[in-house]
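Trainee: Okay, predicted coordinates and the sequence, questions at the end:
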Amino acid sequence: MPTLTKYKRVLRLTPRTLKYNRILLKLSGEALMGQQQYGIDAERLMQYAEEIKAVAATGTQVAVVIGGGNIFRGVQAEAFGLDRVQGDYMGMLATVINSMALQSALEKLGIPTRLLSGVTIQRVCEPYIRRRALRHLEKGRVVIFGAGIGSPYFTTDSAASLRAIEIEADVVLKGTRVDGIYTADPEKDPTAVRYSEITFDEVMEKNLNVMDMTAFTLCKENNLPIIVFDMNKEGNLQRLIEGETVGTRVSMLGSTTSATLDAKHSSLQPTTEHPLTN
Ligand code: UDP
């Protein structure tokens, strides 16, 4: 029966040993700049593609949301004398440019990908349709979500949370240039220490900066864990997929009793490395 054959193929792609069956990886546009002041750094792009390839090879289903801050952000619109909504659409198009670059880099490495956009651009990508996204993932294709959620006044962090919930991802992996969430801004405060785990409630109580509030609330309300980690450290993404503790994990766990909360506080891990790697 053809359907059964297809189903078996999907099962083969998702072995039980994997920590996560399906992930959503959020990359910021700024990270793509590497050492540059603007645009895409070719070396950094290929590095990310290699990292994604290694994870996809394990059978983990990978969806990616990439930002556009290396090209344009809606908030810059005012400086250009543009209205905000126009600026946001420009930002969304910037994310499509980055997504296309990542798609090409992955294809160069032999990884099948599909780019699904929240804004219809039919010559270059498919429109975002949830069921199509799921089908692509089941077939082992890396799915890139471009153009955020397709609406102004949102960010790609919100798109990452929303798409992750829609596709029932197990976790949002927020790849940044910082290796986790700190008690204070590690760039300004040398005494800042990194959390290995923290609850959604603690993040809110302490007013820590993980994602914008819309994105964060979506994850909290849907019990979707977030892991903030350093994407620029080689192999970090794969280590995470293999279940190693990398970066900071934000989840509901531990928020039920104050005793658990206290235990969490004592698990603060001072970091020995400089938190910023680029
Ligand atoms: N944007 C938007 N709606 C979305 C996603 C993005 O309007 O759903 C616009 C917004 O102007 C944003 C820009 O696209 O500033 C680029 O995205 P973002 O700032 O999230 O990129 P990152 O900071 O991750 O590079």
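Mentor: That came in fine, so what should we check first?

Trainee: For stretch 146-158, buried residues please.
Mentor: Residues of stretch 146-158 classed as buried by neighbour count (16 or more other C-beta atoms under 10 Å): 146-150, 152, 154-158. C-beta: built from backbone N, CA, C; applies to glycine.

Trainee: Then stretch 159-179?
Mentor: 159-165, 167, 169-176, 178-179.

Trainee: out of the residues you listed, which touch the ligand?
Mentor: Among the buried residues of stretch 159-179, the residues within reach of the ligand (C-beta under 6 Å from any ligand atom) are A159.

Trainee: Which of the buried residues of stretch 159-179 fall within helices?
Mentor: Using DSSP state H, the members of these that fall in helices are 159-165.

Trainee: got a list of what V171 touches?
Mentor: 20, 23-24, 164, 224-227 (C-beta atoms under 8 Å, 6 or more residues apart in numbering).

Trainee: now K53
Mentor: Contacts were defined as C-beta under 8 Å, 6+ apart; by that measure K53 touches 106, 109-111.

Trainee: how about 10 Å then?
Mentor: With C-beta atoms under 10 Å, 6 or more residues apart in numbering as the criterion, the residues that contact K53 are 62, 105-106, 108-111, 142.

Trainee: Report the two of those separated the most.
Mentor: Among the contacts of K53, the pair separated by the greatest distance (C-beta to C-beta) is V62 and K108, at 16.4 Å.

Trainee: Look at the two and report which has more neighbours.
Mentor: V62 (27 against 12; other C-beta atoms under 10 Å).

Trainee: so what's the more buried one up against?
Mentor: The contact partners of V62, taken as C-beta under 10 Å, 6+ apart, are 20, 22-25, 52-53, 55-56, 106, 111, 113, 137, 140-144, 169, 173, 237, 241.

Trainee: Secondary structure of I227: a strand, I assume?
Mentor: Yes. Secondary structure assignment (DSSP: H, G, I helix; E, B strand; the rest coil) places I227 inside a strand.

Trainee: Tell me which residues of the helix ranked longest in the chain come out buried.
Mentor: With residue count as the measure and DSSP H as the assignment, the chain has helix 84-108 as its longest helix. Of the residues in helix 84-108, those buried under the neighbour-count criterion (16+ other C-beta under 10 Å) are 87-103, 105-106.

Trainee: How about stretch 209-221?
Mentor: Result for stretch 209-221 [16+ other C-beta under 10 Å]: buried residues 210-211, 215-216, 218-220.

Trainee: Pull the most distant pair out of these.
Mentor: For the buried residues of stretch 209-221, with distances taken as C-beta to C-beta, the pair at the greatest spread is V210 and L218 (12.1 Å).

Trainee: Now do the shared contacts for these two.
Mentor: Contact with both V210 and L218 is made by residues D157, according to C-beta under 10 Å, 6+ apart.

Trainee: and the protein, which residues reach the ligand?
Mentor: Applying C-beta under 6 Å from any ligand atom, we find that the chain lies next to the ligand at 28-30, 67-69, 73-74, 87-88, 91-92, 94-95, 148-149, 151-152, 154-159.

Trainee: Can you list the low-confidence ranges for this protein?
Mentor: In the prediction, the chain carries residues with pLDDT under 70 at positions 1-17, 254-278.

Trainee: where do the helices sit along it?
Mentor: Shown for the chain, the helices assigned by DSSP H span residues 2-13, 42-56, 84-108, 130-138, 156-166, 200-205, 213-221, 236-241, 258-266.

Trainee: Distance-wise, check T176 relative to H136.
Mentor: In this view, T176 and H136 are 26 Å apart by C-beta to C-beta, to the nearest Å.

Trainee: what does G74 give?
Mentor: If you go by C-beta to C-beta, the gap between G74 and H136 works out to 28 Å.

Trainee: okay, those two: which has more neighbours?
Mentor: The neighbour comparison of G74 against H136 (other C-beta under 10 Å) goes to G74, with 24 against 21.

Trainee: How about the more buried one: what's its closest non-neighbour residue?
Mentor: Closest residue in space to G74, ignoring its immediate chain neighbours: D88 at 3.6 Å, by C-beta to C-beta, 6 or more residues apart in numbering.
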